[in-house]
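# Got a predicted structure plus its sequence, pasted below:
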Amino acid sequence: MKGQVKSAATEHNSVWTTEFDNPDLVDKIVTHVTFETLAVTVLQLNRAFCDAAQQRLRCALPLLAPPFRMQPRQILESAILNLSGRHLGDDDVSAIASACASGALAQLKTLVLHENQIGDAGVTALAEACAGGAMAQLQELHLEINQIGDAGVTALANACAGGAMAQLKNLYLHQNQLGDAGVTALANACAGGAMASLKELVMDDGPLGVDHPKLKSACQKRGITLR
């Protein structure tokens, strides 16, 4: 029986050492418990893994249904996702954010959400997902022609200030409902070095866009094209 335990210990050694990072300690633990206890423990770990995996996959299920109708392979491999003009609202974008937070669309480089009905709640959900590490490869984000206000843009700016979307090169925010508070938050984030790869920022004309003093100054100092 002890030989069987030792064999099981060897077989599962890499799993246990990942957890404990101490091979000697692992060997001592598994050789001083019964085979039955060891087997039950491994089964419980496998069950916990399966439960966690199912939970993550469940978060991506809404992307298979309308209005997205994505294929499983798209969720895993897509570099470009164009959802423009789909009448998407905050709940829809929150579903995308939830899926991304669980690891879906990890290869995404371009996300096109323009000409929808997205407001502050949707953008805030997206920002929170990105703040947690989702869509880390994103280079181009289209949020223009929506209903995004100061709260949404501030959430996005704060997430970027915390290190989210570091690979982003192009950001489109024109034709929304931005006020001074939102544009100032974006300006402060840019001035602080957020979105380190940003090359182009597209805003509305006028003092709440390209002529906003703080935003204009921050972009000029970093060589970001503001238009």
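Yep, that arrived.
# how close does the residue nearest the centre of the chain sit to residue 98?
Closest residue to the average C-alpha location of the chain: residue 134 at 1.7 Å, with Cα atoms, centre = their mean. From residue 134 across to residue 98, the span is 9 Å (Cβ to Cβ, to the nearest Å). (Each C-beta comes from the backbone N, C-alpha and C, glycine too.)
# Kindly report the same for residue 181.
27 Å.
# Give me the more crowded residue out of those two.
residue 98 (19 against 13; other Cβ atoms under 10 Å).
# Skipping its backbone neighbours, what lies nearest that one in space?
Sequence neighbours aside, residue 59 is the residue nearest to residue 98 in space, at 5.1 Å (criterion: Cβ to Cβ, 6 or more residues apart in numbering).
# Please, where are all the strands along this structure?
80-82, 110-112, 140-142, 170-172, 200-202, 225-226 (DSSP state E).
# for the fourth one, what is the average pLDDT?
It refers to strand 170-172. Averaging pLDDT along strand 170-172 gives 98.
# I'd like the numbering to begin with 212 instead of 1 from here.
Okay, residue one is now 212; in that scheme the one you just asked about reads as strand 381-383.
# With adjacent residues omitted, what lies nearest to residue 414?
Leaving out its chain neighbours, residue 414 is closest to residue 420 (Cβ to Cβ, 6+ apart), at 3.6 Å.
# the helices in this protein, which residues?
Here the chain has its helices, by DSSP state H, at 213-222, 224-231, 234-241, 246-271, 283-288, 301-312, 331-342, 361-372, 391-402, 424-433.
# got the buried residues for the fifth one?
Of the residues in helix 283-288, those buried by neighbour count under the rule 16 or more other Cβ atoms under 10 Å are 285-286.
# now for that helix, which elements pack on it?
Helices and strands touching helix 283-288, as assessed by 3 or more Cβ pairs under 8 Å, 6 or more residues apart in numbering; DSSP states H and E, are absent.
# Find the least confident helix or strand in this structure, judged by mean pLDDT.
helix 213-222 (a mean of 42; mean pLDDT, DSSP states H and E).
# domain ranges for this structure?
The chain breaks down into these domains under automatic domain parsing: 213-269, 276-437.
# and these, which one is worst for confidence?
domain 213-269 (a mean of 56).
# Surely residue 357 is in contact with residue 387?
Yes. With contact defined as Cβ atoms under 8 Å, residue 357 counts as touching residue 387 (5.5 Å).
# Can you list the buried residues in stretch 271-279?
271, 273-274, 279.
# would TSV of those residues with distance to residue 370 be doable?
Converted to TSV, these look like this (distance: Cβ to Cβ, whole Å):
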residue	distance to residue 370
271	21
273	22
274	21
279	23
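# thinking again about what came up before, angles on the backbone of the residue nearest to the centre of the chain, please.
phi -70, psi 150 (degrees, to the nearest 10).
# what separates the closest residue to it other than its chain neighbours from residue 277, distance-wise?
Leaving aside its sequence neighbours, residue 345 sits nearest to residue 311 (Cβ to Cβ, 6+ apart; 3.9 Å). Residue 311 sits 19 Å away from residue 277, going by Cβ to Cβ.
# Could you check how far residue 379 is from residue 317?
From residue 379 to residue 317 the distance is 15 Å (Cβ to Cβ).
# Of the two, which one has the most company?
residue 379 (24 against 16).
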